[in-house]
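In: next one to model:
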Amino acid sequence: MGIVRRTERPEAVPGLHSPDAGFEAPFGMLGACHERVERTLALLARLQQHLLAQGLDEAGRQAARDVMRYFDLAAPLHHQDEELHVFPPLLAGPDAGLRAVVQRLLQDHRDMEAAWPAARRVLQAISDSPAADWMPLAPAQTAALAQFSALYVRHLADEDQLVYPAAQATLSQEALQAMSLDMMQRRGVPAGN
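Out: Numbering: from 1, shown residues only. Below you'll find the predicted structure:
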């Protein structure tokens, strides 16, 4: 049995997976992005299991490309959304505990950016390797993938359970509309879509 992958139209908006999540509801879009992160990390875990059980094949190479595509394109836009619109009002707010969580989340983004190149090199090697030349992942390669994935566990939970609800309660309707427009512009989506 091959790797079960998500299918997605090539023209799909990076970071958007659900027709229920649109730019008019920016926190819905952010939540949909988190679901995509979780699915992409699950695909990464299945890829590693597939490589151990089946070796390298086209399904494995495609899974590696799918993971790279998401973390190359959609994840940076998602982090920008948070850093431009979600985090600032909380950093300026009165809740010291929430400010500390946001500071840690900002550091998580830097750590993710720093860990991604090593994980990406492993995925690129999987994507580019002919099956006949495939060697199982070395411990350092497995560690690079595990380190990158582990960065997301607490991060997503803190955003979903603490930060998003607090920010959503803080932002005015005008700020939410500006957030929506900015998210669309940075993704090249015309207004009104």
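
In: low pLDDT regions in this protein?
Out: Flagging of the chain using pLDDT under 70 yields the residue ranges 1-21, 192-193.

In: which helix is the longest one in it?
Out: When the chain is parsed with DSSP state H, its longest helix is helix 96-128.

In: quick check: buried residues in that helix?
Out: By neighbour count with 16 or more other CB atoms under 10 Å, helix 96-128 contains the buried residues 98, 101-102, 105, 108-109, 112, 115-116, 119-120, 122-123, 126-127. Backbone N, C-alpha and C define where each C-beta goes, glycine included.

In: over to stretch 53-63?
Out: 56, 59, 60, 61, 62, 63.

In: quick revisit: what's the following helix or strand after the longest helix of the chain?
Out: helix 139-158 (DSSP states H and E).

In: by how many degrees do that next one and helix 96-128 diverge?
Out: 140 degrees (axes from the mean of the first three to the mean of the last three CA atoms, to 10 degrees).

In: who's in contact with helix 139-158?
Out: Contact partners of helix 139-158, identified using CB atoms under 8 Å, 6 or more residues apart in numbering, comprise 34, 37-38, 41, 44-45, 48, 101, 104-105, 108, 111-112, 115-116, 118-119, 121-123, 125, 137.

In: so what's the residue nearest to residue 120 when sequence neighbours are not counted up against?
Out: Nearest residue to residue 120, sequence neighbours excluded (CB to CB, 6 or more residues apart in numbering): residue 68, at 6.0 Å. Counting by CB under 8 Å, 6+ apart, residue 68 touches 120, 123, 124, 127.

In: so the second one versus residue 68, what's the distance?
Out: From residue 123 across to residue 68, the span is 5 Å (CB to CB, to the nearest Å).

In: could you do the last one as well?
Out: Distance, residue 127 to residue 68, using CB to CB: 7 Å.

In: same thing with residue 176?
Out: 32 Å.

In: before we move on, what about residue 172?
Out: 38 Å.

In: re earlier: ok, the contacts of residue 68 vs residue 189, which is closest?
Out: Closest approach between the contacts of residue 68 and residue 189, by CB to CB: residue 120, at 25.8 Å.

In: need the contact list for that closest one.
Out: 68, 71, 72.

In: which member of these is positioned nearest residue 89?
Out: residue 71 (26.9 Å).

In: what residue of the chain is the furthest out?
Out: Within the chain, residue 132 marks the point farthest from the mean C-alpha position, 31.8 Å out by CA atoms, centre = their mean.

In: skipping adjacent residues, who's closest to residue 144 in space?
Out: residue 118 (4.1 Å).

In: ok, that neighbour to residue 173 distance?
Out: For residue 118, the distance to residue 173 - CB to CB - is 42 Å.

In: could the contacts of residue 68 be laid out in TSV, adding distance to residue 150?
Out: Listed next are the contacts of residue 68 as TSV, based on distance: CB to CB, whole Å:
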residue	distance to residue 150
120	16
123	16
124	20
127	22
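
In: thanks a lot, see you next time.
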